[in-house]
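In: fold the following, please.
(one chain, ligands or ions: 2)
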Amino acid sequence: MADNKRTSKFDFFVLSMFLVSLCLAPVPTSAQDRKLSFGVNGQFKILQVADMHYANGATTRCQNVLPSQLAHCSDLNTTAFMSRVIAAEKPDLIVFTGDNIFGSDVKDAVKSLNAAFAPAISAKIPWVAVLGNHDQQSTLSRQELMKHIVKLPNSLSKVNPPEAAHYIDGFGNNNLRIHGAAESSLHNKSVLNLYFLDSGDYSSVHNIKGYDWIKTSQQFWFDQTSKRLQKEYNEEPNPQQGAAPGLAYFHIPLREFWFFDSKNAAKGVRQEETGSATINSGFFTTLVARGDVKSVFVGHDHLNDFCGELKGLNLCYGGGFGYHAYGKAGWERRARVVVADLNKKGAGSWGDVKSIRTWKRLDDQHLSVIDDQVLWNSSPN
Ligand SMILES: *[C@@H]1O[C@H](CO)[C@@H](O)[C@H](O)[C@H]1NC(C)=O
Ligand SMILES: *[C@@H]1O[C@H](CO)[C@@H](O)[C@H](O)[C@H]1NC(C)=O
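Out: Numbering: from 1, shown residues only. Ligands and ions are numbered 1, 2, ... in the order given. Got it, this is the predicted structure:
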């Protein structure tokens with residue numbers, strides 16, 4: 001903890017700068033203020049891109065591809081895959097779940113980030129990125145990476161949520177509201193809530209080895225945010241019952257991912273161990289206790305791409321996307337798609353969220369769709 005005098009001076013400085021900026025600031029027009037809503041088709045579609053491991057572009061070779069593919073394979077294949085899957089799915093939002101760049105092979109983090117996110121930017125699709133454990137291993141710290149990411153075109157990332165910035169651990173924690181369909185009575189309500197968390201990199205706690213975890217401060221922020229969103233959902237005008245469903249995205253899997261293998265997971269495969277932290281910081285319990293989040297989406301373990309349900313919460317891997325990431329030769333790089341559909345109300349209008357589905361796209365000739373499954377239904381029967 002910093003000493004109090006210093007903190008209050010600093011707070012005063014921040015407050016003054018904030019007030020000055022209020023006077024000087026033009027009407028906010030940044031992508032971060034963009035209102036996301038369900039389409040006129042009553043759908044909202046999210047593309048998850050896990051573990052691009054982007055490095056320096058054309059000179060960065062692919063890992064674990066067939067010997068015949070090796071000569072003509074680089075980071076540019078990761079870019080090409082993204083462009084193809086964006087064209088095929090036309091998502092409303094793209095979520096990059098960390099290890100976006102593979103720091104230890106990166107010469108210039110700014111250049112690598114720009115290149116890695118380029119297909120999303122040129123498609124003019126809003127996107128969000130969280131950090132993995134490798135992003136910070138070159139020229140930028142985790143904070144500097146997020147500061148750059150938030151400035152990129154159509155990025156909806158935040159360095160941290162403003163209301164929690166003074167206490168929350170990590171960088172890139174954020175939530176997004178997805179409003180009801182245009183011209184429906186729920187257009188001013190968030191009917192789907194997205195949470196993005198920084199699962200960190202490596203433990204910095206003496207005597208605890210291995211990967212990092214989602215801290216108490218982040219769980220507190222999640223809990224507060226989820227409760228606030230439910231209150232808004234239940235308020236006039238158009239008060240709704242219960243909580244709107246939520247989805248959470250981060251990089252490092254929770255320890256509960258260990259529960260599943262290729263046999264008891266609903267869809268998808270386990271081909272390697274779960275690289276979670278060695279301790280359990282309790283985020284799974286926090287999520288189950290709150291109850292609004294219906295599914296968690298992570299990356300980190302490129303050879304696992306399953307979804308399994310435990311205590312009403314789906315735990316899903318994205319599956320490895322990037323060609324400079326370790327993978328399995330002959331097992332296609334892949335991306336996860338999530339679609340939420342609204343309930344139809346009379347007279348061609350839309351209501352709250354009816355169901356949430358997911359499938360994966362493979363980087364093969366036809367961008368094959370596999371493992372289509374329902375994650376959640378509003379009326380379980
Ligand atoms: C990578 O891209 C090149 C150039 O388009 C293509 O010839 C090659 O088949 C791709 N490799 C893989 C593994 O997709
Ligand atoms: C949503 O808010 C806007 C701006 O306050 C208002 O003009 C509009 O009527 C509201 N729409 C609904 C469906 O409540």
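In: might you report the residue contacts of the closest residue to ligand 2 within the stretch 151-300 of the chain?
Out: The stretch 151-300 of the chain approaches ligand 2 most closely through Asn188 (3.8 Å), counting by C-beta to the nearest ligand atom. In this view, the C-beta of every residue, glycine as well, is placed from N, C-alpha and C. Counting by C-beta atoms under 8 Å, 6 or more residues apart in numbering, Asn188 makes contact with His179, Gly180, Pro237, Asn238.
In: phi and psi next, for it.
Out: phi -100, psi 10 (degrees, to the nearest 10).
In: measure it to Arg84 for me?
Out: 36 Å (C-beta to C-beta, to the nearest Å).
In: for Ser141, same thing?
Out: 33 Å.
In: for this structure, what lies in contact range of ligand 2?
Out: Ser185, His187, Asn188, Pro237 (C-beta under 6 Å from any ligand atom).
In: who wins on neighbours among those residues?
Out: His187 (16 neighbours; other C-beta atoms under 10 Å).
In: farthest-separated two in the residues of the chain next to ligand 2?
Out: His187 and Pro237 (11.0 Å; C-beta to C-beta).
In: what comes up buried for stretch 146-154?
Out: Under the neighbour-count criterion of 16 or more other C-beta atoms under 10 Å, stretch 146-154 has Met146, His148, Ile149, Val150, Leu152, Asn154 buried.
In: ok, the closest residue to ligand 1 within the stretch 151-300 of the chain - contacts?
Out: Here the residue of the stretch 151-300 of the chain nearest ligand 1 is Gln271; by C-beta to the nearest ligand atom that distance is 18.5 Å. Gln271 makes contact with Ser262, Leu303, Asn304, Lys328, Trp331, according to C-beta under 8 Å, 6+ apart.
In: just the buried members of these?
Out: Buried among those (16+ other C-beta under 10 Å): Leu303, Asn304, Trp331.
In: can you list those residues in a markdown table and add distance to ligand 1, pLDDT and secondary structure?
Out: Shown next, in a markdown table, are those (distance: C-beta to the nearest ligand atom, whole Å; pLDDT from 0 to 100; DSSP: H, G, I helix; E, B strand; the rest coil):
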| residue | distance to ligand 1 | pLDDT | secondary structure |
| --- | --- | --- | --- |
| Leu303 | 16 | 98 | coil |
| Asn304 | 20 | 98 | coil |
| Trp331 | 11 | 98 | strand |
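In: Ser68: which of the residues you listed is nearest?
Out: Trp331 (15.3 Å).
In: quick one: the strands in the protein, in order.
Out: 36-37, 43-49, 93-97, 127-130, 174-179, 190-196, 246-249, 293-298, 307-310, 313-317, 334-345, 349-362, 369-377 (DSSP state E).
In: which stretch among these comes nearest Leu287?
Out: Nearest of those (C-beta to C-beta): strand 293-298, 4.9 Å.
In: thinking again about what came up before, who has more neighbours, Ser141 and Arg84?
Out: Neighbour count, other C-beta under 10 Å: between Ser141 and Arg84, Arg84 has more, with 15 against 12.
In: so how far is ligand 2 from the more buried one?
Out: From Arg84 across to ligand 2, the span is 37 Å (C-beta to the nearest ligand atom, to the nearest Å).
In: got the residues of the protein near ligand 1?
Out: Neighbours of ligand 1 within the chain, by C-beta under 6 Å from any ligand atom: Val65, Gln69, His72, Cys73, Asn77, Ala80.
In: of those residues, buried ones?
Out: Buried among these (16+ other C-beta under 10 Å): Val65, Cys73, Asn77.
In: pick the one among those closest to Ala50.
Out: Nearest member of those to Ala50, counting by C-beta to C-beta, is Asn77, at 15.9 Å.
In: chain neighbours aside, what residue packs nearest to the closest one?
Out: Tyr323 (4.6 Å; C-beta to C-beta, 6 or more residues apart in numbering).
In: count of neighbours near that neighbour?
Out: Tyr323 has 27 nearby residues by other C-beta under 10 Å.
In: just checking, it touches Ala58?
Out: No - here Tyr323 lies out of contact with Ala58, judged by C-beta atoms under 8 Å, at a distance of 11.9 Å.
In: what residues are shared contacts of those two?
Out: Here Tyr323 and Ala58 have Ser74, Asp75 as joint contacts, going by C-beta under 8 Å, 6+ apart.
In: in contact with Phe284, which residues?
Out: So, once contact is read as C-beta under 8 Å, 6+ apart, Phe284 ends up touching Leu254, Arg255, Glu256, Leu310, Leu313.
In: how about the residues you listed, which pair is most distant?
Out: Arg255 and Leu313 (13.2 Å).
In: my guess is Asn238 meets Ser185, correct?
Out: Yes - using C-beta under 8 Å, Asn238 is in contact with Ser185, at 5.2 Å.
In: and the closest residue to ligand 2 within the stretch 1-150 of the chain, how many neighbours does it have?
Out: When scored by C-beta to the nearest ligand atom, the stretch 1-150 of the chain has Lys35 as its residue closest to ligand 2, at 10.0 Å. By other C-beta under 10 Å, 11 other residues sit near Lys35.
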